[in-house]
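> Structure for the following, please:
(2 chains)
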There are 2 protein chains.
Amino acid sequence: MHKSKLGGFIIDCQTDDLDRAADFWGGALGLNIVELPGGEGDFYKRLDDAQHGLDIEVQKVTHPSRVHLDIETDDIEAEVRRLEKLGAKRIQAIQSWWVMEAPTGQRFCVVGAASKSFAEKATQWP
Amino acid sequence: MHKSKLGGFIIDCQTDDLDRAADFWGGALGLNIVELPGGEGDFYKRLDDAQHGLDIEVQKVTHPSRVHLDIETDDIEAEVRRLEKLGAKRIQAIQSWWVMEAPTGQRFCVVGAASKSFAEKATQWP
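Numbers count the residues shown, from 1 in each chain, chains lettered A, B, ... in the order given. Purely as a prediction, here's the structure:
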């Protein structure tokens, strides 16, 4: 048995100016920007969502801009297999997570559980 | 003075089979599907996000599939003007809401406040 839930979403921005992209989205959503350490900070800035407890990040990407959802789980392989049974496809393993594609075409990621409310709010799968 | 916050997101699906799209996303996120009344139900199905209090809907669309964010507000015109100052552009007024485009290219909507936690959690703008 494992658990999963919506972890948050990543605002993928095709830009060379991550600071400016994060400034826009932080201002638009009324969320403070959190600097991330080391190499992570070169590509991601977190928006502090105390309102809903989601992990929201602005990411510098080279593909066209979009928004993608993250599903967080305590067992990535089990969750990926569950999502495959629902019709999703594995696209690429990156570091600790999987990029998947929904039957309706959107890319999304399956990531390790990180939210404070995960144990309380996640769905337990048989 | 007006207020706004992230209202939720719409999972736009380029499909003729809204039921199947909602079944996938409800199953993937572990959220129950809520049928919407009348003509709205022909294009939208709500996913009941008791976990975070977001408005999450699956929408049948004719453009390529994507995910778009909704910003909810108690004054749509004031919020649209605030977002224009941040660099967003008005794209189209639809019924009661505005479709806008971020400087980083993503489309998003500015909609009337509807969440239970709006009064408590929204940011008040000067």
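> For chain A, which segments count as strands?
Taking DSSP state E, the strands of chain A run over residues A:2-14, A:32-34, A:44-48, A:55-61, A:66-73, A:89-94, A:97-101, A:107-112, A:123-125.
> closest one to B:Ala114 among those?
Among these, the nearest to B:Ala114 by C-beta to C-beta is strand A:2-14 (18.8 Å). C-betas here are computed from N, CA, C, even on glycine.
> and the closest one, which strands flank it?
Sheet pairing of strand A:2-14 (DSSP bridges) gives strand A:55-61 (parallel), strand A:66-73 (antiparallel), strand A:123-125 (antiparallel).
> between these, which gets nearest to B:Gly112?
So among those, strand A:66-73 is nearest, using C-beta to C-beta, at 21.1 Å.
> Of the strands paired with strand A:2-14, which stretch is the most buried?
Comparing those by mean neighbour count (mean count of other C-beta atoms under 10 Å in any protein chain shown), strand A:66-73 ranks first with a mean of 23.
> Mind listing residues that contact that one?
Residues from elsewhere that reach strand A:66-73, judged by C-beta atoms under 8 Å, 6 or more residues apart in numbering or on different chains: A:2-12, A:55, A:79, A:83, A:106-115, A:118, A:122, B:9, B:11, B:28-29, B:66-69, B:106.
> where's A:Val80 relative to A:Gln14, distance?
Distance of A:Val80 to A:Gln14, given as C-beta to C-beta, to the nearest Å: 27 Å.
> err, A:Asp55, not the other one
A:Asp55 is 21 Å from A:Gln14, by C-beta to C-beta.
> quick revisit: would you list the strands paired with strand A:2-14 in CSV and tack on mean pLDDT?
Below are the strands paired with strand A:2-14 laid out as CSV (pLDDT from 0 to 100):
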stretch, mean pLDDT
strand A:55-61, 98
strand A:66-73, 98
strand A:123-125, 97
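> Including distance to A:Val99, could these go into TSV?
Output for those, formatted as TSV (distance: least, C-beta to C-beta, whole Å):
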stretch	distance to A:Val99
strand A:55-61	12
strand A:66-73	9
strand A:123-125	21
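> I'd like to know which of those lies nearest to A:Glu101.
strand A:66-73 (10.3 Å).
> how big is the angle separating the closest one from strand A:97-101?
120 degrees (axes from the mean of the first three to the mean of the last three C-alpha atoms, to 10 degrees).
> Which residue is the nearest non-sequential neighbour of the residue nearest the centre of chain A?
For chain A, the residue nearest the mean C-alpha position is A:Asp70 (3.3 Å; C-alpha atoms, centre = their mean). Nearest residue to A:Asp70, sequence neighbours excluded (C-beta to C-beta, 6 or more residues apart in numbering or on different chains): A:Gly7, at 4.2 Å.
> Neighbours of that neighbour, how many?
Using other C-beta atoms under 10 Å in any protein chain shown, A:Gly7 is surrounded by 24 other residues.
> right, and it touches A:Asp55 too?
Yes: taking contacts as C-beta atoms under 8 Å, A:Gly7 lies within contact range of A:Asp55: 5.2 Å.
> overlap in contacts of the two?
A:70, A:72, A:114-115.
> can I get these in TSV with distance to B:Ala93?
Formatted as TSV, the shared contacts of A:Gly7 and A:Asp55 follow (distance: C-beta to C-beta, whole Å):
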residue	distance to B:Ala93
A:Asp70	31
A:Glu72	36
A:Ala114	38
A:Ser115	36
